[in-house]
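S.K.: Sequence first, predicted coordinates after that:
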Amino acid sequence: MASTLGAALSGIATQSHAAVPYPVEKKALKIGFVPISCAAPLIMAQAKGYFQDEGITVELRKTPGWALIRDNLLNGSFDASHLLSPMPLALSAGAGHTPHPVRAVTMQNINGQAITLALKHRERRDPRDWKGMTFAIPFEFSMHNLMLRAYLAHYGLDPDHDVTLRVTAPPEMVANLRAGNIDGFLGPEPFNQRAVINEIGFLHILTAEIWDGHPCCALGMTEEFIAENPNTYAAVQRAMIRAAAFMHKMENRLEAAQILSKPEYLNHSELVIRQGLTGHYADGLGNVKNNLHRAEFSPFPYYSSGVWMMEQMQRWGYIPRSVDSRNIVEQVFLLPDVRRQATALALADLPSPENTNYPDFQVLGVPFTASTYPSTQGTKP
Amino acid sequence: MQNRINQPLPLVTVNQLEKQYTKNNPSVFSDISFSIARGEFVCMIGHSGCGKSTILNILAGLEVATSGQVSINGHAIKGPGLDRGVVFQGHALMPWLTVEQNVAMAIRARHPAMPREDVQKKTEHYLELVNLTGAIHKRPAELSGGMRQRVGIARAFSTTPELLLMDEPFGALDALTRGVIQDELLNICTQTSQTVFMITHDIDEAILLADRLVLMSTGPNAHIAEIVENPLPKNRSRTEIHHQEGYSDLRKHIMDFLVKPNK
Amino acid sequence: MMSRADHLKGVVLSLILALILLFSWQYLTESNSIQSHDISAENREYEILMGHTQATQQPDHNFPSPRQFALEAWQELKAPFHNTSTNDRGIGWQLGASLYRVIIGYGLAVLVAVPLGLLLGQQPILRAALNPFIQILRPISPLAWMPIALYTIKNAEECGIFVIFICSVWPILLNTSFGVSRLRKEWLDVAKTLELGWARRLWLIILPASAPTIVTGMRVGLGIAWLAIIAAEMLVGSSGIGYFVWNQWNNLSISNVILAVLLIGITGMILDTTFAALQRRVSYAE
């Protein structure tokens, strides 16, 4: 019936130009988001009318937390949702529960996070001196948690014993930093910049300076939803790719900051959001800084970054070592579809993707080469 | 004076009544047999624990006897009913209702289809009988003990029962109030030829009100010690009764019975 | 009883307290905002990025003074029912959404708890059998129910309603069954001698007799429902005054959070006063 027809059409749809509309199975979608700057592409796809161009009406649902976003996506209250990029991997691998197959439809943003420290630690910049400190992270299955752990471990600290990591909602990070309950946090924008402007913290390091080019948030759907609504999936993916292209272009960032600051989206002052998006910012220590890499946007969910996330989740015991990382990542990150659709869209503002699905990168100067990363299948310890 | 002794059909017949609460204990009372004629006022006197209230409750249909038969109008009593009105020891008025509403509830129960105005008229009538017209909109908590019991009596009468059952209705009242209400009760009963079964342990009250007195022996295993006819004429009055012939003898007789240990 | 004069004195005293509170608030927040910024920088650009421009003379990160609060509260109260999108609605609209959930959830709780309480009150064995379950379920916080509700009900809106229901049902149930179990036997005897059927017995005797305890339970239940919905909405979001608090907290807009907290308190007080009046109506002296 309708779904079979949709399935038959989907193959063509993903290979064709966006201007040619294909009948979407579900026209009205509910998409959840957490009000942070990482959701900029999702919000732009809505605000700039990219969803509308695809013939779908989207209701964006502002949601207070990641656990709730996850539950709402899994129980079908949301058709798609803003996710932290390790979430679909952890869910599909069944970290701590029965596996729920969730897919990363596109990545949303790259870099854009920071470690913020309380002003009283302004002379204590060496992580080796951070023993006994308390840091807030937004969620366990987040790049924030994994990168903070990697950063601390790089400087010889055991993140499970030498410091306390506390899962905290971002606005509470700022309040807790002021109250002195935490010493710092690795959090999303606009809360790092907010701590700076509120004169309670400073930007110790941007995540762009830890791993330039790391993905942060994704747009997720359940495998079930994609199977039932292949054209809708493809339409959402196209809108998200166009939004990524919009966000990628530096000239558009001021407009984006304007849009994001509205009460229905981030509900934050434009001044705060703008600094996180443009990379022209006050660091909280009296310096004006410029870093064009502070926030970046790209829709491509490269497998190598996924393998890094899987490896880190295994390293810290969230996922058993027996799980085949590459296998999971290649199922969850829908990179080939994103590539196909991006090619078909041929957007001038979108940088051409890497040639390989496993591009190399460096974390704190240490190269990570996932293309040679051994598949652990069948080599259970 | 009417001939009660040869009355062919008594209204109430109690035959071989026995009550035992638990198997291994002696019964509270046994072998209780008496009858009440139409229009007769019967008082039961006895010490506490002889099961007087239980007998009254069995007549009311609120309790069940272990053995024996109770019938009214020739029909065995199976449960409570509107043919018997009860004046409870502790008045049992609904504290959330006014005096008027308490009585009206009973009248509506008796006459479900009666129009509102008629219910009101009837209510006022019965409250007038017990001289409570002034307190009609008050709640029980605002009334004195005597007034509450008057409402209870008005409520019991308002359903025009064939048999009125009263369980020590004046036990909690002071002597003065008690006297006034006894007079009122006597008046109404004479006017309406009401059949009454009443429990008391006040000898004067019994002599004033009762046509016949059922004297109970002490429990457990109580039984009827004696049934005494009141020799005084029917039109007794509280102010003159103790001057009447036979009063002292009867009082002495009952007093002796109550004071002496009897088994 | 308090005399009129004493009553007046009480009112005056509480006005004085309010003024003291307001003045100390003003004093503490004003002295706060005079504080100079210890991170000084000649760099004009830095000052701009930090928001220290003429337009925003008052640093917005301090606890608001009563004047700032009044100004911002007025902004919000000017259009209490604006409805820009699902994520941006006026405070009146949000309050309405919360009240709507409370009415549904609490109404269901009353519909379930009162009849069940009437039954349990008259059936001591059933009461004894269910009591352990009730005692275990009763003290569970609304927030603890939330994840379970989300997992089983799978709908945020219904979850909020469920949490209100599950939290307000116990006091109503317990009070109803307690009230009925303590019904005086002679009232029921009167009902029997008057040959009242079960419906009339329920309506004329049992309900009015236990109404004071039932309404007390309902009053307690409503208080809990109002607490629960705020907590649930802060957790689940999407709409309601609890979501409003969370959304303003997200924005670190303390003024609006204070406004919402005040409104929550006032609404709770109005709800409670309503039930206190109802309680007076159904109570009786024995």
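M.R.: That came through fine. Residues are numbered from 1 along each chain as shown, chains lettered A, B, ... in the order given.
S.K.: make it CA atoms for all contacts and neighbour counts henceforth
M.R.: Fine.
S.K.: what's the helix or strand for residue C:243?
M.R.: Per DSSP states H and E: residue C:243 is located in helix C:241-250.
S.K.: Which secondary structure elements does that helix sit against?
M.R.: Where contact means 3 or more CA pairs under 8 Å, 6 or more residues apart in numbering or on different chains; DSSP states H and E, helix C:241-250 is packed against helix A:170-179, helix C:91-122, helix C:207-236, helix C:254-282.
S.K.: Of all the ones you listed, which one is nearest residue B:124?
M.R.: helix C:207-236 (23.6 Å; CA to CA).
S.K.: between that closest one and helix C:254-282, how many degrees?
M.R.: 170 degrees (axes from the mean of the first three to the mean of the last three CA atoms, to 10 degrees).
S.K.: Would you mark the buried spots in helix C:207-236?
M.R.: C:207-236 (16 or more other CA atoms under 10 Å in any protein chain shown).
S.K.: May I see the helices and strands packed on helix C:241-250 organised as TSV, with mean pLDDT and distance to chain B added?
M.R.: Shown next, in TSV, are the helices and strands packed on helix C:241-250 (pLDDT from 0 to 100; distance: least, CA to the nearest CA, whole Å):
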stretch	mean pLDDT	distance to chain B
helix A:170-179	85	53
helix C:91-122	91	17
helix C:207-236	89	7
helix C:254-282	90	8
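S.K.: Could you say which of those is packed most deeply?
M.R.: helix C:207-236 (a mean of 23; mean count of other CA atoms under 10 Å in any protein chain shown).
S.K.: packing partners for that helix?
M.R.: Packed against helix C:207-236 by the contact rule (3+ CA pairs under 8 Å, 6+ apart) you find helix C:91-122, helix C:142-153, helix C:156-181, helix C:241-250, helix C:254-282.
S.K.: and residue A:36, which of the ones you listed is closest to it?
M.R.: Of the helices and strands packed on helix C:207-236, nearest to residue A:36 by CA to CA is helix C:241-250, at 9.7 Å.
S.K.: Quick one: classify the residue of the stretch 251-381 of chain A found nearest chain B as helix, strand or coil.
M.R.: Taking CA to the nearest CA, chain B has its nearest neighbour within the stretch 251-381 of chain A at residue A:264, 54.0 Å off. Using DSSP: H, G, I helix; E, B strand; the rest coil, the structure places residue A:264 in coil.
S.K.: That one contacts residue C:88, correct?
M.R.: Yes. Counting by CA atoms under 8 Å, residue C:88 is a contact partner of residue A:264 at 4.5 Å.
S.K.: domains for the chain, by residue range?
M.R.: Answering for chain A, as no chain was given. Domain assignment for chain A by automatic domain parsing gives A:2-110+A:214-255+A:297-372, A:111-213.
S.K.: Let me rephrase: I mean chain B.
M.R.: Split by automatic domain parsing, chain B gives B:10-83+B:163-172+B:197-263, B:84-160.
S.K.: Relative to chain A, which of the ones you listed is closest?
M.R.: Of the domains of chain B, nearest to chain A by CA to the nearest CA is domain B:84-160, at 50.0 Å.
S.K.: May I have the helix holding residue C:243 as PDB, with CA atoms only?
M.R.: Listed next in PDB are the C-alpha coordinates belonging to helix C:241-250 (Å, rounded to 0.1, in the frame of the first residue of the first chain):
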ATOM      1  CA  ILE C 241       3.500  27.200  34.400                       C
ATOM      2  CA  GLY C 242       6.100  24.700  35.400                       C
ATOM      3  CA  TYR C 243       7.400  24.700  31.800                       C
ATOM      4  CA  PHE C 244       7.400  28.500  32.000                       C
ATOM      5  CA  VAL C 245       9.600  28.400  35.100                       C
ATOM      6  CA  TRP C 246      12.000  26.000  33.400                       C
ATOM      7  CA  ASN C 247      12.100  28.100  30.200                       C
ATOM      8  CA  GLN C 248      12.800  31.300  32.100                       C
ATOM      9  CA  TRP C 249      15.400  29.500  34.200                       C
ATOM     10  CA  ASN C 250      16.900  28.300  30.900                       C
END
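S.K.: Next, the angle from it to helix C:91-122.
M.R.: Using the same axes, to 10 degrees: helix C:241-250 against helix C:91-122 is 130 degrees.
S.K.: which of the residues in helix C:241-250 are buried?
M.R.: C:241, C:242, C:243, C:244, C:245, C:246, C:247, C:248, C:249, C:250.
S.K.: separation between the residue nearest to residue A:189 when sequence neighbours are not counted and residue C:152?
M.R.: In this structure, residue A:189 finds its nearest non-sequential neighbour in residue A:37, 5.4 Å apart by CA to CA, 6 or more residues apart in numbering or on different chains. The gap separating residue A:37 from residue C:152 is 32 Å, by CA to CA, to the nearest Å.
S.K.: Tell me which stretches of chain B form strands.
M.R.: B:12-19, B:29-36, B:41-45, B:67-72, B:75-76, B:84-87, B:163-167, B:195-200, B:212-216, B:224-229 (DSSP state E).
S.K.: mean confidence score for the shortest one?
M.R.: Read it as strand B:75-76. Averaged across strand B:75-76, the pLDDT comes to 90.
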